[in-house]
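>>> Give me a model of this one.
(one chain, ligands or ions: 1)
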Amino acid sequence: MNEIRSKIPEIHRLLAASFGEPGVLHRSSPLYWCDNALEVLLATILTQATSDKNALKAWQNLKQLCKEPRQILELDEAVLIKAIQPAGIMTRRSQTIRGVLQAIYGRLGEYSLEPLAKDPKLAWEILNSLPGIGPKTAACTMLFGLGLPGFPVDTHIYRIARRMGWVGPKSTPADTQVFLSEVIPFEYQGGLHILLLNLGRRYCRPKNPDCAGCPIRHHCGLGMKGDTD
Ligand code: SF4
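Sure, this is the predicted structure:
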């Protein structure tokens, strides 16, 4: 664990140099357009199992209809479904969004997550207890909404972590998230999450990864296997 932790600053530096930015939310992400932690949670629900482009369109539609998240509960079901239709699986998503808003009000007495910003343990417990919310969405909300530690592991990061040798081949996405949340220092978590997503899209693709061009191949178990430098 210490060996991986010690390499994180260098891996972050190499990725930031390669992608020309330190790892900040891009305008193409719906999370970029969120004003508070509750909005980050709702926007993250829209990003599940779809592209950022589709999720952004759905989020823009929703923001046009509702200036405040609580107003979503006043929307007619058909109107909500139509608004989030670009993200797909909209009936299930609409139920999740409504269920989450009701549960947050039930737990906190307001349509806001800000009371959780000073209590990481309670924030993690409440976010994971919300209906339809798993550890990845919870970690996204912790990190990008509340500014608290957490390292969301999506399919890109899960794949990279196994290829890098950070976790074993049998490690689940949930195990991987627990491990990386612990091993990656908080100050690198947001930037590295975004940079690794870029890496997964550009170099560490599901099929035919471009290890020869990968900026972190010298830190990667799989990359080093085929390295002839
Ligand atoms: S060297 Fe290859 S397998 Fe390793 S992170 Fe880079 S692209 Fe992925």
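
>>> and this protein, which of its residues are near the ligand?
Of all the residues in the chain, those in contact range of the ligand (C-beta under 6 Å from any ligand atom) are 160, 163-164, 203-204, 209-211, 214, 216-217, 220, 222-223. Bear in mind the C-beta positions are built from the backbone N, C-alpha and C, glycine included.

>>> Show the buried residues in these.
Neighbour-count burial (16 or more other C-beta atoms under 10 Å) applied to these gives 160, 163-164, 203-204, 209, 211, 214, 216-217, 220, 222-223.

>>> Just give me the closest of those to residue 13.
Each of these was scored against residue 13 by C-beta to C-beta, and residue 216 proved nearest at 9.9 Å.

>>> ok, that closest one touching residue 17?
No: in this structure, residue 216 sits apart from residue 17 without contact. The criterion is C-beta atoms under 8 Å, and the distance is 10.6 Å.

>>> Out of the buried ones among the residues of the chain next to the ligand, list just those in helices.
When helices are assigned by DSSP state H, the members of these inside them are 160, 163, 164, 222, 223.

>>> Nearest to the ligand: which residue in the chain?
Across the chain, no residue is closer to the ligand than residue 223, which sits at 2.4 Å (C-beta to the nearest ligand atom).

>>> Per-residue pLDDT of the closest residue to that residue other than its chain neighbours, please?
Counting by C-beta to C-beta, 6 or more residues apart in numbering, residue 223 lies nearest to residue 217, which is 3.3 Å off, once chain neighbours are set aside. Residue 217 is assigned a pLDDT of 96 by the prediction.

>>> picking up where we left off before, next up, the contacts around the residue of the chain closest to the ligand.
By C-beta atoms under 8 Å, 6 or more residues apart in numbering, the contact list for residue 223 reads 163, 211, 214, 216, 217.

>>> from what I can see the first one touches residue 220, true?
Translated: residue 163. Yes: under the criterion of C-beta under 8 Å, residue 163 lies in contact with residue 220, with a separation of 6.3 Å.

>>> still on that earlier bit, how far away is the residue nearest to residue 223 from residue 179?
In this structure, residue 217 and residue 179 are 22 Å apart, going by C-beta to C-beta, to the nearest Å.

>>> For the most centrally placed residue in the chain, give me the pLDDT.
The centroid of the chain falls nearest to residue 140 when counting by C-alpha atoms, centre = their mean (4.3 Å). Here, the pLDDT recorded for residue 140 equals 97.
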